[in-house]
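1. when you get a sec, could you give me coordinates for this:
(2 chains)
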Protein chains: 2
Amino acid sequence: MLVVITYDVSTMSNEGQRRLRQISKICQNYGQRVQHSVFECIVDATEYAVLKRKLVDAMDQEEDSLRFYQLGNHYKNKVEHVGIKKSLDMEGLLIL
Amino acid sequence: MLVVITYDVSTMSNEGQRRLRQISKICQNYGQRVQHSVFECIVDATEYAVLKRKLVDAMDQEEDSLRFYQLGNHYKNKVEHVGIKKSLDMEGLLIL
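-> Numbering: from 1, shown residues only, chains lettered A, B, ... in the order given. Alright, predicted model coming up:
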């Protein structure tokens, strides 16, 4: 299934920048970065649980905000893009 | 249905900051801002078309990136949040 992960962190601090890099690195093992702080990951239920645990461990819960959106397996028509593209096409499906 | 809108803009420039404010203002007529550049809007098909048109008009397609994710009507179990909350509860459903 596709899971969209959005991560809000203050990158004004070096620590915030470091956490964003770490979150990005974890997410990119499962998918791609489509915006500065938005990641699209293709996972099954087990991988999703592991991914979530890693991200929660990497974030600072007192400072950051992490949101997960489950789009399911039939997501092709549920995602639209307008404007510039920064994304890296990993599955050949996500770039619209 | 719930539509999640993510907006990537360089806020280093005054023009980028102005566009983010404008995008935020448009989205907040239909829902709430849940992260710095993530909005959750509750719309029907007609409202969604209008909202999308307004946002595309407000953005700079050469500079910014706008993504839309349709979560459908049964979205309560598809959204998860960890960490700090900046969101304003408009429907009493979206804050998890």
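2. so stretch A:54-67, near chain B or not?
-> Yes - judged by CB under 8 Å from any CB of the partner chain, stretch A:54-67 comes into contact with chain B through A:Leu55, A:Val56, A:Met59, A:Asp60, A:Gln61, A:Glu62, A:Glu63, A:Asp64, A:Ser65, A:Leu66, A:Arg67. Backbone N, C-alpha and C define where each C-beta goes, glycine included.
3. export only the CA atoms of that stretch, formatted as PDB.
-> Only the C-alpha atoms of stretch A:54-67 are listed here, as PDB (Å, rounded to 0.1, in the frame of the first residue of the first chain):
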ATOM      1  CA  LYS A  54      11.900   3.800  13.100                       C
ATOM      2  CA  LEU A  55      10.500   7.300  12.400                       C
ATOM      3  CA  VAL A  56       9.000   7.700  15.800                       C
ATOM      4  CA  ASP A  57      12.400   6.800  17.300                       C
ATOM      5  CA  ALA A  58      14.100   9.300  15.000                       C
ATOM      6  CA  MET A  59      11.800  12.300  15.600                       C
ATOM      7  CA  ASP A  60      11.700  14.600  18.700                       C
ATOM      8  CA  GLN A  61       8.100  14.200  19.900                       C
ATOM      9  CA  GLU A  62       8.300  17.500  21.800                       C
ATOM     10  CA  GLU A  63       9.400  19.500  18.800                       C
ATOM     11  CA  ASP A  64       8.300  17.700  15.600                       C
ATOM     12  CA  SER A  65       5.100  16.600  14.000                       C
ATOM     13  CA  LEU A  66       4.700  13.400  11.900                       C
ATOM     14  CA  ARG A  67       1.600  12.500  10.000                       C
END
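4. among the residues of stretch A:54-67 next to chain B, which ones are buried?
-> For those, burial is judged from neighbour counts taken by 16 or more other CB atoms under 10 Å in any protein chain shown, and it is met by A:Leu55, A:Met59, A:Asp64, A:Ser65, A:Leu66, A:Arg67.
5. from these, which is closest to A:Asp8?
-> For those, the residue nearest A:Asp8 by CB to CB is A:Ser65; the value is 4.0 Å.
6. in chain A, which spans are strands?
-> A:2-8, A:31-35, A:38-42, A:65-72, A:79-83 (DSSP state E).
7. for B:Val38, which of those strands is the nearest?
-> Judged by CB to CB, the one of the strands of chain A that comes nearest to B:Val38 is strand A:2-8, at 4.7 Å.
8. is that closest one anywhere near chain B?
-> Yes - with CB under 8 Å from any CB as the criterion, chain B is reached by strand A:2-8 at A:Val4, A:Thr6, A:Tyr7, A:Asp8.
9. and A:Thr11, what's its pLDDT?
-> A:Thr11 carries a pLDDT value of 76.
10. could you find the closest non-adjacent residue to it?
-> With CB to CB, 6 or more residues apart in numbering or on different chains as the criterion, A:Thr11 has its nearest non-adjacent residue at 4.9 Å, and that residue is A:Gln17.
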